[in-house]
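Colleague: Requesting a structural model of the entry that follows:
(2 chains)
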Amino acid sequence: MTGSSDLSSPPVIVLDNLVKFFGRFAAIRGISASFAPGRLYVLLGDNGAGKSTLLRMVAGLMEPSQGSFTLLGTKSHREVAHRVGYMGHAPLLYDELSGMENLRYFAGLYGLDDDAVCRKAMKMVGLDPELSRRIGQYSQGMRQRLSLARAVLHDPELILLDEPFSNVDVHSAREMAAVLGRVRDKGKTIFVVTHQAALMEGVADEFVHMAAGQIVAREEAVRKAAASNAEWTPR
Amino acid sequence: MTTIGVTRTTLLKDLRMEWRSKDAINSMLFFALLVVVIFSFAFNPTAEESRRIAGGLIWVAFLFAAVVALNQTWARELRNQVLDAYRVSPAPPNALFLAKAIGNFFFVVVLEALMAPLFVVFYDLRSVGPVWQLIVVALLGTWALVVNGTFFAALSIRTRSREIMLPLILFPISIPALLAMVDATTSILTGEASPDFWIKMLAVYDVVFTAVCLLLFESVLNAE
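Modeller: The predicted structure follows:
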């Protein structure tokens, strides 16, 4: 197995009977599970299965109605916020700013004021740091890639990605999946919510199947030898 | 990630975005301009009458104009759900609030600076009291409006009719400040009474409400 996946290390996330209600509707119904570090998990399931809700709770955007979870060894999200990267369903970017301006601002929130960090993140996802266009004029795919750059800008240990491939063409999506594989190979733990499981085959370590607010199956994936080290080649 | 550092970064980002879009400043200016012109036609006051009613007119105009800008304070953060990116970051929640409040303060002060000469011309205003006291009242009064406005705008962002909700919550809570602003301004313009009590009241109001808003903002930001 490539990368630094280590099942004997303390789990990066431990969910303990997690429940989330929206009114009377239970979106998450008593999930207990733990996830080892340095692995790439793919959360699969139909719409309404609770994948995004689970990810938002782990990201600290929602409080569980019942139960608790431990994230990177602590129950306080704020303590480890700088070690977690989150990419939402929406781009989480300002339309009125350029790509670099967006990244500079978000880097500032993590105490980073080095332009090189932003440039590296832009290049990693195949975007030109010199692009002065405001992102309101970007294509959906470009926004999605910039959103990924924003999520990994501060080199987090745990990366949570909600539908990173939506509105991205197949070629770019495959490149993104390869980038995620390389990031995982550096020892990061990645959770990807997607409906495009095929894209993650050969890259993922584990497929986590969800239905009706519960984890119904966990399936070890077959990984290819190593993710390519080639640079991103957007078309 | 100090509060001051993140406040400065967020403020500069907001100023840059406003400079590009001019959404808030344009709508405030047009609104305040309309109020000045319509009131001057409606009342056609003499110089003496103007001094007596100008305090109320000026602050009502600025209050309504400020609400237009305050409603847009968080709109940019809701578009593309950018607020979530801030919430998952380790940046202090109060830095976001301070940046928004200071940004709004700046916009409303710019509006006041642009509108003050028009008030003087349209209402033939001449201050009997010292003008520097008017500046103190303007700064304290503006902070009173924007600190509460920014907070309550944040409180109402998740409501469906937030444009209506903001004035409904903001106006009642601003009544003490509004009273102080109007009475202090009228006292200075007419020179008939000392504005000291009202200025002190405004200062106390500012300190109390700034502290309360800072204490509660994290809960408002993370409310579901």
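
Colleague: contacts and neighbour counts: CA atoms only from here.
Modeller: Fine.

Colleague: which secondary structure elements does the top helix by length along chain A contact?
Modeller: As assigned by DSSP state H, the longest helix anywhere in chain A is helix A:170-185. The contact analysis (3 or more CA pairs under 8 Å, 6 or more residues apart in numbering or on different chains; DSSP states H and E) places helix A:170-185 against helix A:197-200.

Colleague: Just want the residue of chain B that's nearest chain A.
Modeller: Residue of chain B nearest chain A, by CA to the nearest CA: B:Val82 (4.0 Å).

Colleague: what does the model give that residue for pLDDT?
Modeller: Looking at B:Val82, its pLDDT is 94.

Colleague: Quick check: it touching A:Leu92?
Modeller: Yes - assessed by CA atoms under 8 Å, B:Val82 is found in contact with A:Leu92 at 4.0 Å.

Colleague: Give me the more crowded residue out of these two.
Modeller: A count of neighbours by other CA atoms under 10 Å in any protein chain shown puts A:Leu92 above the other of B:Val82 and A:Leu92, at 27 against 19.

Colleague: Retrieve the pLDDT associated with the single nearest residue of chain A relative to chain B.
Modeller: Nearest residue of chain A to chain B: A:Leu92, at 4.0 Å (CA to the nearest CA). Here the pLDDT value assigned to A:Leu92 is 94.

Colleague: Likewise for A:Lys186?
Modeller: On the pLDDT scale, A:Lys186 is placed at 91.

Colleague: where does the chain dip in pLDDT?
Modeller: Chain wasn't specified; assuming chain A. Filtered on pLDDT under 70, chain A yields the residue ranges A:1-8, A:224-235.

Colleague: actually it's chain B I care about, not the one you picked
Modeller: Along chain B, the parts satisfying pLDDT under 70 run over B:45-47.

Colleague: residues from it in reach of chain A?
Modeller: Selection of chain B residues close to chain A by CA under 8 Å from any CA of the partner chain yields B:1, B:6, B:9-10, B:13, B:17, B:20-21, B:76-77, B:79-91, B:222, B:224.

Colleague: try 7 Å
Modeller: B:1, B:6, B:9, B:17, B:80-82, B:84-85, B:87-91, B:224 (CA under 7 Å from any CA of the partner chain).

Colleague: Can I get the buried part of those residues as one ChimeraX selection?
Modeller: A single ChimeraX command selects the buried members of these (16 or more other CA atoms under 10 Å in any protein chain shown):
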select /B:6,9,17,80,81,82,84,85,87,88,89,90,91
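
Colleague: Among the residues of chain B next to chain A, which lie within helices?
Modeller: Judged by DSSP H, the subset of those located in helices is B:6, B:9, B:17, B:82, B:84-85, B:87-88.

Colleague: Identify each buried residue in the longest helix of chain A, please.
Modeller: Across helix A:170-185, burial judged by 16+ other CA under 10 Å covers A:172-185.

Colleague: rewinding a little: quickly note the distance from the residue of chain B closest to chain A to B:Arg76.
Modeller: Remark: distance between B:Val82 and B:Arg76 (CA to CA, to the nearest Å) = 8 Å.

Colleague: same deal with B:Val136?
Modeller: Relative to B:Arg76, and taking CA to CA, B:Val136 is found at 31 Å.

Colleague: Where is the longest helix in chain B?
Modeller: Across chain B, the helix with the greatest residue count (assigned by DSSP H) is helix B:93-123.

Colleague: so how far is it off the chain centroid?
Modeller: Centroid displacement of helix B:93-123 relative to its chain, using CA atoms, centre = their mean, to the nearest Å, is 6 Å.

Colleague: helices or strands up against it?
Modeller: helix B:3-21, helix B:23-43, helix B:47-73, helix B:131-155, helix B:196-221 (3 or more CA pairs under 7 Å, 6 or more residues apart in numbering or on different chains; DSSP states H and E).

Colleague: orientation of it relative to helix B:131-155 in degrees?
Modeller: 130 degrees (axes from the mean of the first three to the mean of the last three CA atoms, to 10 degrees).

Colleague: Mind listing what's buried along helix B:93-123?
Modeller: Neighbour-count burial for helix B:93-123, with 16+ other CA under 10 Å as criterion, is recorded at B:93-109, B:111-112, B:115, B:118-119, B:122-123.
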